[in-house]
Structure formats: C-alpha cells, structure tokens
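*Asks:* Let's see this in three dimensions:
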Amino acid sequence: MKYDFDKVIDRTGTLSYKWEARDINFPENPQALPFWVADMDFPCPRPITEAIQKRAEHPIYGYTKTSDNSQKLIAAWEKRRNGWDVRPEWVSFTNGVVPALSSMVAAFTEPGDGVIIQPPVYYPFAESIVNNGRVVVNNNLICDGARWNINFEELEELAAEPKNKVLLFCHPLNPVSRVLKKEELLKVAEICLRHKVILVVDEIHSDLVYRHCKFQSIAALGKDIEQICVTAAAPSKTFNIAGLQMSAIIIPNQELREKFQKEIEKRVLYIMNVFGTVAFDAAYSDPECEEYLEQLIDYLWDNYLFLDQYLKTYMPKIKCQRPDATYLLWLDFRELGLNDEELETFCLKEAGIAFDTGKWFGGDGSGFMRINVGCPRSMLKEALDLMRAAYQKRNF
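*Replies:* Just a heads-up that it's a prediction; the model follows:
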C-alpha cells in the first residue's frame, strides 16, 4: 500500500499534547506552530488502525495483559532488522520507555550512586536520575563542527569511579541524530565491561535510520556485552503510536532482569494499555507495517533535504546538521549571535514556532534547537516561511 505522507490531518479536538497543550508549555505564544513534541503528524499504518478498531468493537476495556506472541514478535523484529538473536524470555513490557528508564535507575543503583549520561541528550535522562536521588555524571559529547562524538578518554575515567554504576546510553543519539559506528559502540561497551558499569540503552529511534547508515544494536556485539546491556525498544516512534504506551525491555542477564521486574512491580508499570497491546502485535507482525516504515524513512529524508536547501537559500546563517536517523533534527543558530533567551524569543515570539530548546538537553546545547520534521512537507514549509520572515526582518 502506498501511504500519502503529504496529507495534512487536523489534530485539534483529539487531546493532542503537541497541538493542544501549547498554552501550558508556550504561554508566551500559545498559537506557535508546534515542532517540538516527538510524535509525527502522520497516520499510523493501516493494520494498526484496523487492529485497534476491531478491539474497540468489544465493549469492555478492562485490565489487559500482553498476548502470548508479543515476546516472540519483538524478538523476531530485532533479529530481522538488527541481526540480534533475542530470546523471547528476555523481554519484559512496560507502559512507556521513560518510566522504564526511571525504574532501571532505581533497580540498578542505590541513592547517591552516579549515573553517566552524554549531553546534549534527551532531557528525561537527567530527570530520571535526579528524581530517584542519584547523581547525574556528565560525559559531554564533543562537536567537531559537523558531527558529535563521544569523549572516550573522559568516559573511561568516569566509568572507573566505583560510585558510577550505570551508563544511560541513547542510540541513535538524540537530539544530535547520530548513528555510531561499530568500532565506537565497541569502545563504549569495552569501557563498561572493564569497570562493571551497567549499560542501559534507549534504542527507541533505531528503526528510523537513513539509507547511508546501518544501525548496530550494542547488545549484539558479543555475549559478554549482552550480559551488561538493558535495551529499551518500542513501536511508538516508528509507527507514531506513542500515546498507546507499550514498550519492550530486553534484558539477557537474569539477575538484572529480576531486579528490573521487581522494580516495575513496585511501580505497577506492568499493566498494559488495552489498545497498546493489539497495536504492538500488529506493528511487529503485519508486513504492511514494514512497507510503511520504508516509505516513511524516504519521506523524512526528503524533508531533511528540503529543510537543508531552504536554509542554505534563504537563511544561510542557520545550519542543519546532517542526520543519520530520526525525524528530530538539530538546528545550529549560533551564527546569529543570540544568547539562549534571545534565541527563544526569536523562534517563539518573532517567528511563531515552538522548538525544543537546545539548552534543555544539556552539554553544549546552547545555540541549538531541535525541530521535528515528522510532518507533511507543506507544514514544514509553512514553518520555514515564518522563520524566513523573522530572519529577514532582523536582517541577519
């Protein structure tokens, strides 16, 4: 089936957080076009919609468990897409990756322990650490002008500290949209192995990798590495079903798996969304969903190319770093010479666009904005036209 990603769908009246919570999140300009929240303005694949509709026909929506096939389906997906031999019994389910990350921090560390993160990084990482009474330990990424790289020397030093028990690792890197090479992943894993650091990996964007890259799951690099890895996966970003709240947590190490399961039982994260369960199974079993994904990746890449060319033509002082993955792109505004407050004013009040502010992600995120290009191209052009008008008015 050919999907029409150019079609604009009105999301008002659907309780969309992205579109209908702007007055809460952006009170300075609640009418700003939302290009921040990480869900897309595309319909999900037809098989998922049909599975939900079929389940909705039954009038009772009680407490729900996963199907007997769910573990096998995600294991088969990992094998097919990433070449990782996952055993179904390694898989646990939670109602979302973010609550799972918080549970992992609590399960694998004690109050006062250090948890390493690599800013600029998805900001709930730091929040999960602080909210559990643990210590944020920053191993900042380094930008060489075009690419963001891991500071391996510093990572080695931080991992050697006995109090630093976990590395929260985001791959592909969000927000800087990098897919790491196999040798880079091996370096990370070997450092963690040497110092007995547990490697918690968020791979929620791993399906959305562009054609010039090949994604490698770090846990698949070796049996010893696999035993220190806790991997979070989900269909939420891939198929635009984040509101259905179902994620798969893959833990080969039995001791770690048992610790995690005790923690999610304590937090009651094991009861699934009634529609999330059928959507999960449809996403990972129906071949049409993979066809959708392949079409989506190409459309998103064309959105990047459109954005990049538009900036070069009309706003050359704003750069878009070439992405390896995801519909979340990293815009570099530093040539405008604005501080963070001035940049937010320019984007939100003058251009009327709500981005994710770079400083939210920590590290050297100042001067950057994260833009969500998971939308019809006409919507992207509308936002760029607004930004162009503000840019020209400022005479940058």
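
*Asks:* what about the helices in the chain?
*Replies:* 17-20, 22-25, 46-56, 70-82, 97-108, 124-130, 152-159, 182-194, 223-226, 254-267, 274-285, 287-314, 340-344, 377-394 (DSSP state H).

*Asks:* other SSEs contacting the last one?
*Replies:* Read it as helix 377-394. Judged by 3 or more CB pairs under 8 Å, 6 or more residues apart in numbering; DSSP states H and E, helix 377-394 is in contact with strand 33-34, helix 287-314, strand 353-354. In this view, the C-beta of every residue, glycine as well, is placed from N, C-alpha and C.

*Asks:* Just the pLDDT at residue 146, thanks.
*Replies:* Per-residue confidence (pLDDT) for residue 146: 81.

*Asks:* To residue 81, which of the helices and strands packed on helix 377-394 lies closest?
*Replies:* Comparison of the helices and strands packed on helix 377-394 against residue 81 by CB to CB identifies helix 287-314 as nearest, at 8.5 Å.

*Asks:* could you say what helices and strands that closest one packs with?
*Replies:* helix 46-56, strand 319-320, helix 377-394.

*Asks:* before we move on, the earlier item: list just the one of the helices and strands packed on helix 377-394 that sits closest to residue 98.
*Replies:* That would be strand 33-34 among the helices and strands packed on helix 377-394, by CB to CB, at 19.4 Å.

*Asks:* For that closest one, which strands pair with it and how are they oriented?
*Replies:* Counting by DSSP bridges, the strands paired with strand 33-34 are strand 353-354 (parallel).

*Asks:* Just the mean pLDDT for the strand it pairs with, thanks.
*Replies:* Mean predicted lDDT for strand 353-354 stands at 98.

*Asks:* The strand ranked longest in the chain to helix 97-108, inter-axis angle?
*Replies:* With residue count as the measure and DSSP state E as the assignment, the chain has strand 164-170 as its longest strand. Here the directions of strand 164-170 and helix 97-108 differ by 160 degrees (axes from the mean of the first three to the mean of the last three CA atoms, to 10 degrees).

*Asks:* which strands and helices sit next to strand 164-170?
*Replies:* Contacts defined by 3+ CB pairs under 8 Å, 6+ apart place strand 164-170 against helix 97-108, strand 114-117, helix 124-130, helix 152-159, helix 182-194, strand 198-202.

*Asks:* cutoff 7 Å now
*Replies:* Helices and strands touching strand 164-170, by 3 or more CB pairs under 7 Å, 6 or more residues apart in numbering; DSSP states H and E, are helix 97-108, strand 114-117, strand 198-202.

*Asks:* what lines up beside that strand in the sheet?
*Replies:* Neighbouring strands of strand 164-170 in its sheet, by DSSP bridges, are strand 114-117 (parallel), strand 198-202 (parallel).

*Asks:* between the ones you listed, which gets nearest to residue 87?
*Replies:* strand 198-202 (17.2 Å).

*Asks:* re the thing from before, could you provide the strands paired with strand 164-170 in JSON lines, with additional columns for distance to residue 375, mean neighbour count and mean pLDDT?
*Replies:* As requested, the strands paired with strand 164-170 are exported to JSON lines (distance: least, CB to CB, whole Å; neighbours: other CB atoms under 10 Å; pLDDT from 0 to 100):
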{"stretch": "strand 114-117", "distance to residue 375": "29", "mean neighbour count": "24", "mean pLDDT": "98"}
{"stretch": "strand 198-202", "distance to residue 375": "23", "mean neighbour count": "25", "mean pLDDT": "98"}
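
*Asks:* Quick one: residues contacting residue 291.
*Replies:* With contact taken as CB atoms under 7 Å, 6 or more residues apart in numbering, residue 291 is in contact with residue 1.

*Asks:* So which residues make contact with the worst-scoring helix or strand of the chain on mean pLDDT?
*Replies:* Lowest by mean pLDDT, DSSP states H and E among the helices and strands of the chain is helix 22-25, with a mean of 90. Among residues not part of helix 22-25, those counted as contacts by CB under 7 Å, 6+ apart are 30, 32, 34, 354.

*Asks:* how about the helices of the chain in CSV, adding distance to residue 248?
*Replies:* Shown next, in CSV, are these (distance: least, CB to CB, whole Å):
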stretch, distance to residue 248
helix 17-20, 23
helix 22-25, 29
helix 46-56, 16
helix 70-82, 4
helix 97-108, 9
helix 124-130, 18
helix 152-159, 27
helix 182-194, 20
helix 223-226, 16
helix 254-267, 12
helix 274-285, 8
helix 287-314, 15
helix 340-344, 36
helix 377-394, 31
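
*Asks:* So for residue 39, which of those sits nearest?
*Replies:* Evaluated over the helices of the chain, closeness to residue 39 peaks at helix 17-20, with 6.0 Å, by CB to CB.

*Asks:* now what about the closest one, what contacts it?
*Replies:* Contacts of helix 17-20 (CB under 7 Å, 6+ apart): 11, 12, 34, 37, 39.

*Asks:* I'd like to know which of those residues are part of strands.
*Replies:* Going by DSSP E, the strands hold residue 34 from the contacts of helix 17-20.

*Asks:* Name the member of the contacts of helix 17-20 with the most neighbours.
*Replies:* residue 34 (24 neighbours; other CB atoms under 10 Å).

*Asks:* Surely it is in contact with residue 354?
*Replies:* Yes. With contacts counted by CB atoms under 7 Å, residue 34 reaches residue 354, the gap being 5.1 Å.
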